[in-house]
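Visitor: Here's a sequence, model it:
(one chain, ligands or ions: 1)
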Amino acid sequence: MSEGRGARPGPDPADRVVIGITFGNSNSSIAFTVDDKAKVIANEDGDRQIPTVLSYVDGDEYYGAQAKAFLVRNPSNSIAYFREFLGKDFKSIDPTHCHAAAHPQDNAGSVFFAVKDKDAEGEASHVSVGEAATRYLRRLAASASDYLGKKVTSAVITVPTNFDEKQREALTRAANDADLEVLQLISDPVAAMLAYDARPEAVVEDKIVVVADLGGTRSDVAVVASRGGMYTVLATAHDYEFAGVQLDQVLMDHFAKEFIKKHTTDPRSDPRSLAKLRLEAEATKKALSLGTNAQFSVESLADGLDFSSTISRLRYEMIGRKVFDGFTRLVEGAVKKAGLDVLDVDEVILCGGTSHTPRVANNLRAAFPESTEILAPATSAGAVNPSEVQARGAALQASLIQEYEAGDIEQSTHPAVTTVKHISNAIGVVTVNPDGEQVFTPVMQAETAAPARRTVHIAAPRDGGDVLVKIVEGGTHIKVTKPEPKPKEPVNGDKAGSDDDSDFDSEGDDDDDDDDEKREKIWKLGKLLAEAAIKGVKKGGKVEVTINVLADLGVTVTAREVGGKGGVRGHLAA
Ligand code: ATP
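Guide: Got it, this is the predicted structure:
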């Protein structure tokens, strides 16, 4: 079996022209960097989100938005939603989304599509999934080459965290066959984090980040610890039931029912009407991300009858509630799976097309404490376009590694994004405050990847003297303070301070009490790792403590007076 990347000699690093690619089941994007800034490229149709669809008409190949439009008139010669099938056996694929396009077929276990790609009259060709991916990637690369004015040679491509080795190999082979060298496959959430961390205003600090990638046919969540620029994936969750197409379905059903009321025919019972309904429902859904009302209008929807209607965002949020709740549950579940609480999460990065939906971001805003930043257009002015963030991250990574020889890339870039050894508890310093209470100050957060080194300065008592430094492991627990039971307010139970004006937000919610609970993260002192006494510290002096976690998770602690001589050093084996 070929060895993924590097199976073929790639171009000389000096001759590379590189791009970043996201290759989704629904849409793909291409990006490049200029002056260290990543930009998403619009293809010749002006699209930055390029539908992952190929369509053949009279021997001509169409891709992107043009091919997607052909799903109405030419479904059997159109290939859609195929990325997911790469590297998979026929038996293990879910063909559901392909019912309105060419159907995946079985050839001794491998998947192919039968489409008339040479001429409309002739025999259908058997196009394997790998071949479809190659043809599509070739179009993306050509589009980027046209834009850049030089031939693109190489790419970093993003993949879901649960893409297995076979799928990675199949994708690499498909790209190679499209004459693209794959510099690296990076995981979708890491691409999003790279793009955010590369912003000029970004402060790269230790943080726990949840990346929620909400696409068309799947929703993926990753909980990632970012420690000193290293990303460690702590947990992932995947869902195929709650994604963009389910929201399309909600709107399709809504408008179909309206149509039936008026004209009795169900537009969902005819494939062509259904395809029209689907395309317009998606357009209406997107419009509802921007405006509070949207139009739905289709010429000759069924029985030759035109149909137009409107819907408000409020109504849409009501009828789509089950799907919206599904997203929130998925994110909360991933945080739990990582052994964390929502209070531990510093940022939620929302990416993927569905993340444009205000209700999705607002629900997460309500599920996380105020200290968590929810990075989506509806909740943060500083959010990066959710449809572009991963392609940008891929382009940044491509420009970072393009000068390496192909053989060195694997080695030099792997540890930054994989599960390296990491400490499971925080390590910090215990001091005594003026009230005589012990206070824990974390110096190194849990999940910091080893090796790592951090230094803190601790103030000595005001008049100087001996300083006792205790280095301990710290865990956290969540302290929940229930409110004093209040006498029941007469009727209109609107809580003071609740400024949420969406009336159905509280509709049917019986967890109102939760909102009043005070939840705080409290440090719990764990194992004592080291103790050091620094004698005779000057008045107003400071003690510097350095904690060094070695690659084998052994810990070295050094403590000394700032500006003073000597110091104390101790080592604790892993
Ligand atoms: P997948 O691989 O899960 O099928 P993808 O990564 O290929 O998805 P994305 O572009 O991330 O594709 O997501 C596509 C989904 O996002 C579609 O359902 C699309 O309708 C939806 N979408 C795109 N833009 C918006 C918007 N502005 N508001 C709401 N939904 C949107």
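
Visitor: where's whichever residue of the stretch 251-400 of the chain sits closest to the ligand relative to Asp197, distance?
Guide: Going by CB to the nearest ligand atom, the ligand is nearest to Gly353 of the stretch 251-400 of the chain, at 2.1 Å. (Glycine included, C-beta is placed from N, CA and C.) Separation of Gly353 from Asp197 (CB to CB, to the nearest Å): 22 Å.

Visitor: for the residue of the stretch 251-400 of the chain closest to the ligand, what are its contacts?
Guide: 26-27, 49, 214-216, 244, 386-387 (CB atoms under 8 Å, 6 or more residues apart in numbering).

Visitor: change it to 10 Å
Guide: Residues near Gly353 by CB atoms under 10 Å, 6 or more residues apart in numbering: 24, 26-27, 49, 213-216, 243-244, 282, 285-286, 289, 386-387.

Visitor: Could you do Phe307 as well?
Guide: Shown in contact with Phe307 (CB under 10 Å, 6+ apart): 255-256, 258-259, 262-263, 267, 273, 276-277, 280, 296-301.

Visitor: swap the cut-off to 6 Å and go again
Guide: 259, 298, 301 (CB atoms under 6 Å, 6 or more residues apart in numbering).

Visitor: now do Val555
Guide: 529, 549, 572.

Visitor: Can you flag which of the contacts of Phe307 belong to helices?
Guide: With helices defined by DSSP state H, the entries of those inside them are Phe259.

Visitor: now, among the contacts of Phe307, which is nearest to Thr558?
Guide: Val298 (71.6 Å; CB to CB).

Visitor: and that closest one, what are its bridge partners?
Guide: Phe307 (DSSP bridges).

Visitor: and the host helix or strand of Phe296, anywhere near the ligand?
Guide: Per DSSP states H and E, Phe296 falls inside strand 293-302. No - judged by CB under 6 Å from any ligand atom, strand 293-302 stays clear of the ligand, getting no closer than 10.6 Å.

Visitor: so what does that strand touch, helix or strand wise?
Guide: For strand 293-302, the elements it packs on are helix 271-290, strand 305-312, judged by 3 or more CB pairs under 6 Å, 6 or more residues apart in numbering; DSSP states H and E.

Visitor: Next, the residue of the stretch 251-400 of the chain closest to the ligand: phi, psi?
Guide: In terms of degrees, to the nearest 10, the main-chain angles of Gly353 are phi -50, psi -40.

Visitor: Check Glu388 too.
Guide: phi -110, psi -20.

Visitor: With Thr172 instead?
Guide: Note on Thr172: backbone dihedrals following degrees, to the nearest 10 are phi -60, psi -40.

Visitor: Quick one: the helices in the chain, in order.
Guide: 64-73, 129-148, 165-177, 188-197, 244-263, 271-290, 313-319, 321-337, 358-367, 389-401, 406-413, 512-516.

Visitor: worst average pLDDT in these?
Guide: Mean pLDDT is lowest for helix 512-516 among the helices of the chain, at a mean of 54.

Visitor: The chain - how does it break down into domains?
Guide: 13-179+392-417, 244-318, 422-481+517-572 (the TED database).

Visitor: Return the most buried member of these.
Guide: Of all those, domain 13-179+392-417 has the most neighbours on average by mean count of other CB atoms under 10 Å, namely a mean of 19.

Visitor: now that domain, how far from the centre of its chain.
Guide: Distance of domain 13-179+392-417 from the chain centroid (CA atoms, centre = their mean, to the nearest Å) equals 19 Å.

Visitor: can it be found next to the ligand?
Guide: Yes - using CB under 6 Å from any ligand atom, domain 13-179+392-417 reaches the ligand at 24-27, 49, 52.

Visitor: Those residues: which two are farthest apart?
Guide: Distance extremes for these: the farthest pair is Asn25 and Gln49 at 12.6 Å, using CB to CB.
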